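Participant: structure for the following, please:
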Amino acid sequence: MTTRIGRERPLTVGIDVGGTNIRASVVDGAGEVLDTVQAPTPHSEHALEDGLERAVRELCGRHRIDAVGLAVAGFVDETRTSVRFAPHLPWQDSPVASRLSERLGLPVILEHDANAAMWAEYRFGAAAGTHNGVLVAIGTGIGAALLVGGELYRGSFGVAPELGHLQVVPNGRACPCGKRGCWERYCSGTALVETAIEILATDPTRSTILAREVSRDPGSLTGRRVAGAAQDRDPVALDALADFARWLGLGLAFVSDIFDPDLVVVAGGVSSSAPLFLDEAREHYAASITGARHRPLARIRTTQLGEGAGMIGAAELARTALGTGPPTVGADGADASAAGRESARSSTRETASGGRAGARR
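Facilitator: The predicted structure is shown next:
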């Protein structure tokens, strides 16, 4: 395979394993998506892995594939081979990588979905050239990733960073994580809805759009709908967006005080409405960061790769594990991709001899 930049690179598959759908894409060494399949996400462990195998084999029928990467919304262990816990998936302490590798006869790696998206933006998108960066994926909640010195930071046990569960309001809104006042309870699609409903409860006559919707069916309101109403200049929706922007700016100031990044990438479903809130969020960020007038501020940009970032990043990380992507240099200066190459080779050696023939044409 010759990429658009003229280098021979193997093809890999990146899979976004979501609670609703599985999306699997063939990605080349330049980050270009060549082919995609999609299917509903099964709800049992065995059925989910059957579905993943079917998706990869369908793509293998049309392309020569060398490795597979899975982007998972959940806790992935430090070896990137097992899923500790995923709230919307049936895996719990499951050695997913080895089981899929055995089925497919291909090396398989796992990655947290926000980490995968950050890596894609770093290699091919909005974070290209960044040294230290943060990705904040804002949807139902907040997912996050850290890039430190050009490397993903996963923490000691593979679960960092859970920025969405920083407590920003003591005894604030209840969070499904069990705490109260988490950042994502004030800065997410879910938070937009809750804020709009709170505003309507104090004065339902202020809105001509959202008030009618909530009165007809309170459960029908979504973050996307609040953003749409804000575009139509609905006063309650505009107030809810202003509150969202304030919390986004404050939260990014907290994050910057700790990590001092040079770039923040705002991703996730809410990022599509960025023109409605991002400039205001930048102002709150600049006003809230410690020593704002005496230090450079991080650039705040929206995702360049959109919803495909997780798949692209997982595919590129799988390619790196083969030893054919860019080298990942560890803190001691050693080439960490060597360990990835050996891991990929070991995974393949342990597979039955007929497995690879069945997965590649």
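Participant: distance of the nearest residue to Leu34 once chain neighbours are set aside relative to Asp66?
Facilitator: Sequence neighbours aside, Val26 is the residue nearest to Leu34 in space, at 4.5 Å (criterion: Cβ to Cβ, 6 or more residues apart in numbering). The C-beta positions use only the backbone N, C-alpha and C, and glycine is treated the same way. According to Cβ to Cβ, to the nearest Å, Val26 and Asp66 sit 11 Å apart.
Participant: next: His88.
Facilitator: Distance from His88 to Asp66, by Cβ to Cβ: 29 Å.
Participant: quick one: which of those two has more around it?
Facilitator: Asp66 (22 against 14; other Cβ atoms under 10 Å).
Participant: residue contacts, the more buried one?
Facilitator: Pro10, Leu11, Thr12, Leu106, Pro107, Arg319, Leu322, Thr324 (Cβ atoms under 8 Å, 6 or more residues apart in numbering).
Participant: helix or strand: which one has the third one?
Facilitator: Element membership of Thr12, judged by DSSP states H and E, is strand 11-17.
Participant: before we move on, back to that, overlap in contacts, Val26 and Asp66.
Facilitator: Counting by Cβ under 8 Å, 6+ apart, the residues touching both Val26 and Asp66 are Leu11, Thr12.
Participant: list the strands paired with the host helix or strand of Val68, with their directions.
Facilitator: Taking DSSP H and E as the definition, Val68 sits inside strand 65-72. As defined by DSSP bridges, the strand partners of strand 65-72 come to strand 11-17 (parallel), strand 108-112 (parallel).
Participant: average pLDDT for the longest helix along the chain, rounded please.
Facilitator: Taking DSSP state H as the criterion, the chain has its longest helix at helix 235-259. On average, the pLDDT along helix 235-259 is 96.
Participant: please apply the same query to stretch 126-137.
Facilitator: 96.
Participant: ok, and what's touching the strand holding Thr12?
Facilitator: Strand 11-17 is touched from outside by 1, 22-28, 34, 41, 48, 52, 55-56, 59, 63-73, 89, 113, 116, 307, 310-316, 318-319, 322, with contacts defined as Cβ under 8 Å, 6+ apart.
Participant: please save the CA atoms from that strand in PDB.
Facilitator: Extracted C-alpha coordinates of strand 11-17, given in PDB (Å, rounded to 0.1, in the frame of the first residue of the first chain):
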ATOM      1  CA  LEU A  11      -3.300  -1.100   6.600                       C
ATOM      2  CA  THR A  12      -4.800  -1.500  10.100                       C
ATOM      3  CA  VAL A  13      -8.400  -1.600  11.300                       C
ATOM      4  CA  GLY A  14      -9.600   0.900  14.000                       C
ATOM      5  CA  ILE A  15     -12.900   0.100  15.800                       C
ATOM      6  CA  ASP A  16     -15.000   2.500  17.800                       C
ATOM      7  CA  VAL A  17     -16.800   0.200  20.300                       C
END
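Participant: that one - what's its average pLDDT?
Facilitator: On average, strand 11-17 scores 97.
Participant: begin at 28 from here
Facilitator: Sounds good: first residue 28 from here, last item strand 38-44.
Participant: I'd like to check the angle between the very next helix or strand once past the longest helix of the chain and helix 262-286, please.
Facilitator: Heading C-terminal from helix 262-286, the first helix or strand you meet, by DSSP H and E, is strand 290-294. Angle of strand 290-294 versus helix 262-286, following axes from the mean of the first three to the mean of the last three Cα atoms, to 10 degrees, is 140 degrees.
Participant: name every strand pairing with strand 290-294 and say which way it goes.
Facilitator: Applying DSSP bridges, you get strand 160-165 (parallel), strand 326-329 (parallel) as the partners of strand 290-294.
Participant: who wins for proximity to Leu127 among these?
Facilitator: strand 160-165 (24.2 Å; Cβ to Cβ).
Participant: need the per-residue pLDDT for the closest residue to Val123 other than its chain neighbours.
Facilitator: Spatial nearest neighbour of Val123, excluding adjacent residues (Cβ to Cβ, 6+ apart): Val110 at 5.3 Å. pLDDT, Val110: 96.
Participant: Val110: what's it in contact with?
Facilitator: By Cβ under 8 Å, 6+ apart, the neighbours of Val110 are Val99, Gly101, Phe102, Val103, Asp104, Leu116, Trp118, Gln119, Asp120, Ser121, Val123, Leu137.
Participant: and these, which is closest to Gly168?
Facilitator: Gly101 (12.3 Å).
Participant: can you map out the strands along the stretch 78-227 of the chain?
Facilitator: 92-99, 102-103, 110-112, 119-121, 135-139, 160-165, 169-175, 178-180 (DSSP state E, counting those that start in this stretch).
Participant: what helices or strands is the fourth one leaning on?
Facilitator: Where contact means 3 or more Cβ pairs under 8 Å, 6 or more residues apart in numbering; DSSP states H and E, strand 119-121 is packed against strand 110-112.
Participant: same question, the second one
Facilitator: Packed against strand 102-103 by the contact rule (3+ Cβ pairs under 8 Å, 6+ apart) you find strand 110-112, strand 135-139.
Participant: out of those, which is the most enclosed?
Facilitator: Comparing the helices and strands packed on strand 102-103 by mean neighbour count (mean count of other Cβ atoms under 10 Å), strand 135-139 comes out on top with a mean of 28.
Participant: off-centre distance for that strand?
Facilitator: 12 Å (Cα atoms, centre = their mean, to the nearest Å).
Participant: pLDDT (mean, whole number) over it?
Facilitator: 96.
Participant: what angle sits between that strand and strand 169-175?
Facilitator: Using the same axes, to 10 degrees: strand 135-139 against strand 169-175 is 110 degrees.
Participant: show me the contacts for the residue at the greatest distance from the centre of the chain.
Facilitator: Within the chain, Thr232 marks the point farthest from the mean C-alpha position, 38.2 Å out by Cα atoms, centre = their mean. Shown in contact with Thr232 (Cβ under 8 Å, 6+ apart): Ala238.
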